[in-house]
Structure formats: structure tokens, C-alpha cells
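# what's the 3D shape of this:
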Amino acid sequence: MKKVKITVIRMACYKDLIEKYENPIEHACDMEEGKVFIANGWEKPVGFCDSAWDTLSPFVMALSHGAENFYDGWMKNKKSAMLSCNDGFRPVSFLVEAMDEDAE
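From the prediction side, this is the model:
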């Protein structure tokens, strides 16, 4: 099983939607652009957001087992996917990539 690299690429924040629809919360997200996580198959990396993992985990599992070319050529790197968490107020975009067996 291959390890899978998960990189935080971009974070957005829709303050107008937060103001209009969200109840105030003290802490929403621990992600930072450029932060890298390594997933070992189906195992969620330590410190990774539970909600984001719900979205990414099927792709991580597939990539760790050798899947590639999602959606018939969607990605330039066929062993990757660009995905976002399901937070409509503060979506985070992640690049998910299968790692070469000898890369760590």
C-alpha cells in the first residue's frame, strides 16, 4: 500500500456567508497553506480535520491502493486529486498525491 501526501493548497473564507448564516464559533480550522500530511492508507493523519477527512478519505484509500486517472484525465498528474473540504464558509483545497514507494 502506498503512502499518500496531502498538501493544503488554498484556504478561503466567505465572511459574508458567515455573517449571514453561521452562529459564532470560537475555533473552526487548524489548517495552514503549505502544511503537509502523510496518510498511511486508510489511516487519518494525526491532526487532520475529521470533516475534511470524510471528503478526502475515499480518494486517499483509492490512491493508496494504486488507483489513478480519476474522472478520465481530470488531473495532469494521474496519481493525484484536487479536493476541498465540505465547509461552505471556510473551504480548504487539498492536493492529494500517491507517493512513490521509495519516496518518504
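# quick check: Lys20 is in a helix.
Yes - Lys20 forms part of a helix when assessed by DSSP: H, G, I helix; E, B strand; the rest coil.
# distance between the lengthiest helix in the chain and the chain's centre?
Longest helix in the chain, counting residues (DSSP state H): helix 50-64. Offset of helix 50-64 from its chain centre (Cα atoms, centre = their mean, to the nearest Å): 7 Å.
# could you give me the buried positions within that helix?
The neighbour-count check on helix 50-64 (16 or more other Cβ atoms under 10 Å) flags 52-53, 55-57, 59-64 as buried. In short, each C-beta sits where N, CA and C put it, glycine included.
# who's in contact with that helix?
Helix 50-64 is contacted by residues 1-4, 6, 31, 39-42, 44, 70, 79-81, 83-87, 92, 94, 96-98 when judged by Cβ atoms under 8 Å, 6 or more residues apart in numbering.
# what's the single longest strand in this protein?
strand 3-11 (DSSP state E).
# show me what it pairs with in its sheet, parallel or antiparallel.
Strands adjacent to strand 3-11 in the sheet, as given by DSSP bridges, are strand 36-40 (antiparallel), strand 92-98 (antiparallel).
# okay, those in a markdown table with mean pLDDT next?
Converted to a markdown table, the strands paired with strand 3-11 look like this (pLDDT from 0 to 100):
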| stretch | mean pLDDT |
| --- | --- |
| strand 36-40 | 96 |
| strand 92-98 | 98 |
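# looking at those strands, which is buried most?
Comparing the strands paired with strand 3-11 by mean neighbour count (mean count of other Cβ atoms under 10 Å), strand 92-98 comes out on top with a mean of 21.
# using PDB, list the CA coordinates for it.
Provided in PDB are the C-alpha atoms of strand 92-98 (Å, rounded to 0.1, in the frame of the first residue of the first chain):
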ATOM      1  CA  VAL A  92      -9.900  24.300   2.200                       C
ATOM      2  CA  SER A  93      -8.400  22.900  -1.000                       C
ATOM      3  CA  PHE A  94      -6.100  19.900  -0.800                       C
ATOM      4  CA  LEU A  95      -3.800  18.300  -3.300                       C
ATOM      5  CA  VAL A  96      -3.800  14.600  -2.700                       C
ATOM      6  CA  GLU A  97      -1.000  12.600  -4.300                       C
ATOM      7  CA  ALA A  98       0.200   9.000  -4.200                       C
END
